[in-house]
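Visitor: Sharing a model prediction with you, sequence too.
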Amino acid sequence: MTWRRTYLSRGLISRRAEAADLILSWLVLSIAFGAGYILRGSLTGFTASLIAVGTGFVFHELAHRYLAIKYGMVARYKAWYTGLAAALVISLITAKVFGNPFVIAAPGAVVIASYGVYDLAYVRREYKIAAAGPLANIAVAIASLIAGNFIGVPLNFYIKFVGSVNAWLAFFNLLPFPPLDGSKIFRTSIGTWLVLFILAIALFIIM
């Protein structure tokens, strides 16, 4: 996700705090997505979850961050601790009850400080920054789907797990509700949103 802020960079968290928030979010989401494996005592499954969240959540947020900085903005990732706690609790409960976790992926967002005015040019940049995250997830999901067809068991199962996590993150973030990325894409280009949303759903079903 991306949040827009128009105050100066001193209002953003430090890079050290950003790194701590990224690591914490990565670990918590890895536990959330890997809750079923953890409860079954599968170290390999949890390792796959660490990789899946690393390529999914971390790549997603860094894609937002990179493009915002490329446009001359100041961007930092900020964790949402309530969202992380909710994701952890819900995933552990659902994994215990149903065998597999249900993950609400709302760990935080990239906060952007812009020095420019909120005009049409900014809206277009914001739309592209919002799309960068889900696009990163879709790219990893497609790569995982292709790789999984050329690698034998049991490794291909974990590769497809990486793809399914990325597909889920793309789908969730493309929902057209604020503050999710999908709301920014939808209000600027419904056609682009529809293509990405359908692709994310298709990948999640296939994976």
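Guide: Ah, there it is.

Visitor: Check the spatially closest residue to Asn173 that is not a sequence neighbour and give its pLDDT.
Guide: Among residues not flanking Asn173 along the chain, Asp181 sits closest, at 4.6 Å (Cβ to Cβ, 6 or more residues apart in numbering). (C-beta placed from N, C-alpha, C; glycine too.) On the pLDDT scale, Asp181 is placed at 95.

Visitor: from what I can see Asp181 touches Leu174, true?
Guide: Yes - counting by Cβ atoms under 8 Å, Asp181 touches Leu174, with 6.4 Å between them.

Visitor: Spit out the residues that contact these two alike.
Guide: Both Asp181 and Leu174 are in contact with Pro134, where contact means Cβ atoms under 8 Å, 6 or more residues apart in numbering.

Visitor: got the contact list for the residue most central in space within the chain?
Guide: By Cα atoms, centre = their mean, the mean C-alpha position of the chain lies nearest to Phe57, the distance being 3.7 Å. When contacts are counted by Cβ under 8 Å, 6+ apart, Phe57 touches 25-26, 29, 105, 107, 169.

Visitor: which of these tops the neighbour count?
Guide: In terms of neighbour count, Leu169 stands highest of those at 30 neighbours, by other Cβ atoms under 10 Å.

Visitor: Out of the contacts of Phe57, which one has the weakest pLDDT?
Guide: Comparing the contacts of Phe57 by pLDDT, Ala105 comes last, at 80.

Visitor: Shouldn't it be within a strand?
Guide: No - assessed with DSSP: H, G, I helix; E, B strand; the rest coil, Ala105 is coil; it does not lie in a strand.

Visitor: nearest residue to it other than its sequence neighbours?
Guide: Phe172 (5.2 Å).

Visitor: residues in contact with the one you found?
Guide: 104-105, 180.

Visitor: That one: what secondary structure?
Guide: Phe172, by the three-state scheme (three-state DSSP), is helix.

Visitor: Can you give me the distance of it to Met1?
Guide: Separation of Phe172 from Met1 (Cβ to Cβ, to the nearest Å): 10 Å.

Visitor: Need the overlap of contacts for these two.
Guide: Leu180.

Visitor: longest helix in the protein, by residue count?
Guide: helix 120-148 (DSSP state H).

Visitor: how far does it sit from the chain's center?
Guide: 10 Å (Cα atoms, centre = their mean, to the nearest Å).

Visitor: in it, what's buried?
Guide: 122, 125-138, 140-142, 144-145, 148 (16 or more other Cβ atoms under 10 Å).
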